[in-house]
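Student: here is a sequence with its predicted model. Questions after.
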Amino acid sequence: MQIQKIAGYNTQSSFKGIPIEKASQTVTAPIKVLFSDIDNTILYKSKASENNLASIKKLIDSGVRLILTTGRGYKFARELFQWFKMEPDTIITSAGSTIVDKDLNKLRDITLTADNMKKISEIYKKFADKSLFFRYTFDGVTYFDNLKGLFINRASCADYIDSYDELTNKGIYPTKAVFILHPEPETFDRVQELGEEIKRELNDKELNVLNSEKRYCEVMRHDASKGGSVKFLKEMLGYKGENIACIGDAENDESMAQYVTEVGGMSVAMGNGTDRMKEISRFVTSDVTDFGFSKAVDEILKINSTLSLRKN
């Protein structure tokens with residue numbers, strides 16, 4: 001098996017997911033916490049189905065903790081909890097760069113350094129054209145590079161900068177930089193090509209490039225990942241590996257699935273997930289439009305119920 005170094009731990013990358021319906025036949029420990037991605041896992045086109053909302057309630061009512069993990073900024077957390085009718089809880093945001101507790105106090109925060117930002121900005125200037133935009137994200141505020149002076153009407157909480165040092169001079173160090181294709185391509189091909197080009201140009205072991213959507217390439221610190229944040233919380237909260245589960249679909253969920261798989265937990269890939277996500281997860285559920293999240297939750301509840309009956 002090939003061993004890969006991801007965000008501070010080793011993982012085996014030859015796992016092939018099996019149907020979620022068979023999880024209760026193979027999982028031998030109760031699930032106490034589920035780390036769940038949001039977009040295209042719980043949400044589809046920014047909306048949560050009634051099935052998913054009901055599943056969230058059933059999961060929490062059963063005593064399983066739900067910790068949300070998202071590429072969105074942490075100031076969006078309150079809105080997410082309202083959407084999902086949840087009490088505020090710890091949440092992993094900015095694709096693993098930041099963890100905040102229920103009161104939005106930061107438990108972990110990995111930001112770009114001034115040297116990182118300088119290098120990223122130099123790369124952007126090489127790639128800049130009329131179809132490519134660039135932004136930094138920090139504490140819920142989006143800062144767009146002012147090279148072309150566009151995009152202002154498409155972003156809330158937005159500001160313009162002429163250079164990255166406008167931020168560093170104010171002590172602002174963003175969690176990530178984002179290269180944005182516009183208009184959105186019909187397939188992932190263009191953003192994957194762009195991501196590979198950026199990786200080659202950066203050639204930096206400190207930085208990681210993720211293609212989270214058809215139009216986004218995100219550049220973050222290599223040690224800022226969902227997998228690293230799940231590891232951090234598992235150790236901080238005292239969970240055993242066999243008692244944790246995760247579910248997701250995108251490239252930024254892969255480190256999370258790898259880590260949960262490695263520690264003996266229940267990793268689940270969405271049916272609409274990346275090929276890599278399906279390969280490294282223990283289980284694969286159905287598509288987000290076919291109640292994939294709800295099916296995974298039902299299986300977790302079935303596992304816990306079965307193990308409880310056996311214990312009694």
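Tutor: Structure's in. What do you need?
Student: all strands of the stretch 51-200 of the chain, in order?
Tutor: For the stretch 51-200 of the chain, the strands defined by DSSP state E, counting those that start in this stretch occupy 65-69, 91-93, 98-100, 106-109, 132-138, 141-145, 158-161, 176-181.
Student: most packed of those?
Tutor: Counting by mean count of other CB atoms under 10 Å, strand 91-93 has the highest mean neighbour count of the strands of the stretch 51-200 of the chain, with a mean of 28. C-beta coordinates here come from the backbone N, C-alpha and C atoms, glycine included.
Student: picking that back up, of all the strands of the stretch 51-200 of the chain, which one is nearest Leu53?
Tutor: Comparison of these against Leu53 by CB to CB identifies strand 65-69 as nearest, at 12.0 Å.
Student: what comes into contact with the closest one?
Tutor: Contacts of strand 65-69 with the rest of the structure, by CB atoms under 8 Å, 6 or more residues apart in numbering, involve 32-38, 56, 59-60, 77, 80, 84, 86, 89-93, 96, 226, 229-230, 233, 246, 248, 253, 256.
Student: which of the residues you listed are buried, as a ChimeraX select command?
Tutor: This is the ChimeraX syntax for the buried subset of the contacts of strand 65-69, where burial follows 16 or more other CB atoms under 10 Å:
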select :32,33,34,35,36,37,38,56,59,60,77,80,84,86,90,91,92,93,96,226,229,230,233,246,248,253,256
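Student: wait, Pro88 sits on Phe81?
Tutor: Yes. Between Pro88 and Phe81 a contact is recorded at 5.1 Å, counting by CB atoms under 8 Å.
Student: tell me the contacts of the residue nearest to Lys302 when sequence neighbours are not counted?
Tutor: On the basis of CB to CB, 6 or more residues apart in numbering, the spatially nearest residue to Lys302 that is not a chain neighbour turns out to be Ser24, at 4.7 Å. Residues in contact with Ser24 (CB under 8 Å, 6+ apart) are 299, 302-303, 306.
Student: by neighbours, which of those wins?
Tutor: Among these, Glu299 has the most neighbours (other CB atoms under 10 Å), with 23 neighbours.
Student: once you drop chain neighbours, what's closest to that residue?
Tutor: Closest to Glu299 by CB to CB, 6+ apart is Ala23, at 4.6 Å.
Student: so what's the backbone phi/psi at the one you found?
Tutor: With angles defined as degrees, to the nearest 10, Ala23 sits at phi -60, psi -40.
Student: who's in contact with it?
Tutor: Contact analysis of Ala23 by CB under 8 Å, 6+ apart lists 266, 268, 282-283, 299-300, 303.
Student: out of those residues, which sit inside helices?
Tutor: Secondary structure assignment by DSSP state H places 299-300, 303 of those in helices.
Student: show me the shaky parts of the stretch 1-150 of the chain.
Tutor: Counting by pLDDT under 70, the stretch 1-150 of the chain has low-confidence residues at 1-16, 130, 146-150.
Student: 80 instead, please
Tutor: 1-17, 75, 127-133, 139-141, 144-150 (pLDDT under 80).
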